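Participant: Next input, structure requested:
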Amino acid sequence: MILKDWKTKKNIVIDSGALEEYYLLLLEASTKKYAKERLKFFLDFLKNKKIYVVPQVFAETYSLLKRDARTDSKLIYWLEQIKDHFRYLNEEHISKDEILEDKSFLKFGFTDIALSKITRKDWIFLSIDQPLINLCNSRGLEAHHIEEIFIY
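Facilitator: Okay, here's the model as predicted:
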């Protein structure tokens, strides 16, 4: 069930793609107008919320940033700018055995299944991965594409 007031929920599970988007907006807001505007929407959305991830999200986010940075010096600069933001994330762990038992594991893998398992019925899952959003919604969880937070 998709609720109209989903943006007011206080607990958010976020995947690495959506988290990378947030971090890139933080890094680019001072130099790009569109980034500054999108960052404001994102910050307004995240205000007074608890953000949850699984450990794999840290590794995936690092890899995505490394890919986008293209140079070690830029990656190091980016990580210096955002490393304190990692501290604000609440980390939950799902055992590998629980992930492997999930019928959708073969299609979605470790990180996505773990994220779907930590999402509670009264929480929001935020992603850029539409098939994963569909999986969560099919399990009765409320999942949204990151672009939805930028809709006025």
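Participant: show me where pLDDT drops low in this protein?
Facilitator: Under the criterion pLDDT under 70, the flagged ranges of the chain are 1-4, 152.
Participant: which SS state does residue 121 fall under?
Facilitator: Classification of residue 121 using DSSP: H, G, I helix; E, B strand; the rest coil returns coil.
Participant: okay but it is in contact with residue 140, surely?
Facilitator: Yes - with contacts counted by CB atoms under 8 Å, residue 121 reaches residue 140, the gap being 6.6 Å. In short, each C-beta sits where N, CA and C put it, glycine included.
Participant: From residue 113, how far off is residue 54?
Facilitator: Between residue 54 and residue 113 the computed distance is 9 Å (CB to CB, to the nearest Å).
Participant: got it, and residue 141?
Facilitator: In terms of CB to CB, residue 141 sits 13 Å off from residue 113.
Participant: Looking only at neighbour counts, state which of those two leads.
Facilitator: With neighbours defined as other CB atoms under 10 Å, residue 141 and residue 113 compare such that residue 113 has more, 23 against 20.
Participant: how many neighbours does the residue nearest to residue 132 when sequence neighbours are not counted have?
Facilitator: Spatially, and ignoring its direct neighbours in sequence, residue 132 is nearest to residue 112 (5.0 Å; CB to CB, 6 or more residues apart in numbering). Using other CB under 10 Å, residue 112 has 24 other residues around it.
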